[in-house]
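S.K.: need coordinates for the below:
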Amino acid sequence: MNDRPAEQSVTAQHAGELRRARRALILVGVLTPAVITAVAAVLIIMWLPSLPEPAATHWGVGGVDGFGSSQSYLWMAIGLGLGLPILIVASVLAMGRHQWGGASRLLGGMALGLSGFSAVINSGSVALQRGLADASHVGPVWPIVIGGFCALLVLTGIGWAVQPDLHPTPAVPLKPAHLASISAGERVVWVATASMSRVAMLVIGLVVVIVVGLTAVLVVEKHEAWWIPVLTLLIIGAAFATSASFRVRAGADGLSIRSQVGFPRVHVPLDEIISVRAVDCHPFGEFGGFGWRIGLDGRTGIVLRTGPAIEVERRDKRPLVVTVDGADVGVATLNAYLAHRGSGA
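M.R.: Numbering: from 1, shown residues only. Down below sits the predicted model:
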């Protein structure tokens with residue numbers, strides 16, 4: 001039996017708007033980058049015969065400090081200019097099936113911006129070396145880099161502007177659970193674990209594998225920038241350890257949420273709770289992603305997966321949302337204590 005009222009259904013309420021937003025995303029984030037990348041690829045192919053071999057592929061503070069095959073520019077243009085935007089758009093379409101918000105719109109704009117950045121950087125670097133016999137004589141690359149970042153910013157803004165401004169539908173309340181009133185001297189505690197979804201863990205795992213592989217390659221080659229992926233790996237590891245799983249507790253002292261490693265944590269005393277309810281939460285649409293986040297509507301979210309969540313309205317603070325299985329029972333526990341407090345028992 002479906003506990004949601006038909007008029008509250010996100011897909012029924014905004015099916016037309018969602019289709020329009022998805023079409024705009026594909027146009028901005030895939031089709032337009034395909035055209036931009038095709039133009040850049042054609043220019044690179046036309047200019048490749050006039051490039052030195054090996055070509056300059058990396059610039060440092062003192063000038064060119066890395067060389068490689070001139071063909072690499074073509075593959076970098078295609079991979080960064082089209083492959084990455086397709087990956088971004090596919091992720092947005094997968095995560096935004098039921099909700100659409102500012103994050104979807106921003107990522108679509110960034111997909112377009114990245115294609116422009118790639119086109120300027122790769123075709124510009126090739127143009128800079130045309131007619132040279134020795135790539136070590138190539139001039140400074142900073143004008144190309146500045147042009148690439150300008151293209152990134154301008155096209156991201158254009159991509160944002162041409163997509164529809166679609167706001168996520170408010171969270172749908174779940175059918176409340178009932179807990180018998182709490183008598184004087186009785187203590188009832190509800191405890192559950194809020195864990196990251198399998199999809200999110202797979203994505204993080206894939207990123208870690210890629211970064212570890214990159215680190216290994218740079219270390220073996222004794223590249224001076226080996227510390228960058230190492231630092232990235234440490235940051236990803238710390239973020240994952242502190243946000244992958246939380247312990248959620250509801251009882252006489254209110255609502256407590258604590259990372260399994262001990263930090264971060266948040267506690268909402270019972271006296272600060274104005275109201276509490278169980279809702280169906282879509283983190284990507286409502287908060288722009290997963291983890292500890294701030295929504296555009298001002299709510300604080302500890303949102304690790306799509307599904308049931310506890311939403312607490314706090315006195316003089318932003319509302320707090322935490323996704324956790326059995327949210328209706330946790331809410332019933334808090335409401336029972338609120339009723340007990342209100343009765344003055």
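S.K.: which residues in the stretch 1-150 of the chain form helices?
M.R.: Using DSSP state H, counting those that start in this stretch, the helices of the stretch 1-150 of the chain run over 10-26, 32-47, 72-78, 84-95, 102-128, 142-162.
S.K.: which of the residues in the fourth one are buried?
M.R.: Looking back up the chat, that one is helix 84-95. Within helix 84-95, the residues that count as buried by 16 or more other Cβ atoms under 10 Å are 84-85, 88-89, 92, 95. For every residue, glycine as well, the C-beta is placed using N, CA and C.
S.K.: swap in the last one?
M.R.: Applying a neighbour-count criterion of 16+ other Cβ under 10 Å, one finds 144-145, 148, 151-152, 155-156, 158-160 buried in helix 142-162.
S.K.: elements contacting the host helix or strand of Ala241?
M.R.: Per DSSP states H and E: Ala241 is located in helix 227-243. Contacts defined by 3 or more Cβ pairs under 8 Å, 6 or more residues apart in numbering; DSSP states H and E place helix 227-243 against helix 198-220, strand 291-294.
S.K.: let's see it at 10 Å
M.R.: Contact partners of helix 227-243 among helices and strands, from 3 or more Cβ pairs under 10 Å, 6 or more residues apart in numbering; DSSP states H and E: helix 198-220, strand 254-259, strand 291-294.
S.K.: can you pull the domain assignment for the protein?
M.R.: Listed by automatic domain parsing, the domain ranges of the chain are 6-162, 172-193+244-343, 197-243.
S.K.: mind putting those domains in CSV, mean pLDDT included?
M.R.: Supplementary listing: these in CSV, determined by pLDDT from 0 to 100:
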stretch, mean pLDDT
domain 6-162, 85
domain 172-193+244-343, 83
domain 197-243, 69
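S.K.: returning to what we had before: tabulate the buried residues of helix 142-162 (a markdown table), appending distance to Leu338.
M.R.: Compiled in a markdown table, those are given as follows (distance: Cβ to Cβ, whole Å):
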| residue | distance to Leu338 |
| --- | --- |
| Ile144 | 62 |
| Val145 | 58 |
| Gly148 | 56 |
| Ala151 | 55 |
| Leu152 | 50 |
| Leu155 | 51 |
| Thr156 | 46 |
| Ile158 | 49 |
| Gly159 | 46 |
| Trp160 | 42 |
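S.K.: closest to Gly295 out of those?
M.R.: Taking Cβ to Cβ as the measure, Gly295 sits nearest to Trp160 out of the buried residues of helix 142-162, at 18.3 Å.
S.K.: tell me who's in contact with that closest one.
M.R.: 28, 102, 105-110, 112-113 (Cβ atoms under 10 Å, 6 or more residues apart in numbering).
S.K.: what does Trp190 give?
M.R.: Contacts of Trp190 by Cβ under 10 Å, 6+ apart are 179, 248-251, 255, 326-327, 329-334, 336.
S.K.: in the sheet, who's paired with it?
M.R.: Ala250 (DSSP bridges).
S.K.: quick one: it from Arg249, how far?
M.R.: 7 Å (Cβ to Cβ, to the nearest Å).
S.K.: now swap in Gly124 and tell me
M.R.: Taken as Cβ to Cβ, the span from Gly124 to Arg249 is 56 Å.
S.K.: grab the nearest non-local neighbour of Val322.
M.R.: Ile302 (4.4 Å; Cβ to Cβ, 6 or more residues apart in numbering).
S.K.: what helices or strands is the helix or strand hosting the one you found leaning on?
M.R.: Under the criterion of DSSP H and E, Ile302 resides in strand 300-303. The helices and strands touching strand 300-303, judged by 3+ Cβ pairs under 10 Å, 6+ apart, are helix 283-287, strand 291-294, strand 307-314, strand 320-323.
S.K.: if we go to 7 Å?
M.R.: Under the contact criterion of 3 or more Cβ pairs under 7 Å, 6 or more residues apart in numbering; DSSP states H and E, strand 300-303 touches helix 283-287, strand 291-294, strand 320-323.
S.K.: gap between the first one and the chain center?
M.R.: If I follow you right, that is helix 283-287. Computed by Cα atoms, centre = their mean, to the nearest Å, the chain-centroid distance of helix 283-287 equals 10 Å.
S.K.: what does the residue nearest to the spatial centre of the chain show for phi and psi?
M.R.: Residue closest to the average C-alpha location in the chain (Cα atoms, centre = their mean): Gly289, at 4.6 Å. Taking degrees, to the nearest 10, you get phi 160, psi -170 for the backbone angles of Gly289.
S.K.: report the contact partners of it.
M.R.: 103, 283 (Cβ atoms under 7 Å, 6 or more residues apart in numbering).
S.K.: quick check: it vs Leu304, distance?
M.R.: In terms of Cβ to Cβ, Gly289 sits 11 Å off from Leu304.
S.K.: for Gly29, same thing?
M.R.: To Leu304, Gly29 is 26 Å away according to Cβ to Cβ.
S.K.: likewise Val89?
M.R.: Using Cβ to Cβ, Val89 is found at 24 Å from Leu304.
S.K.: what is the neighbour count of Leu82?
M.R.: The number of residues packed near Leu82 is 23, by other Cβ atoms under 10 Å.
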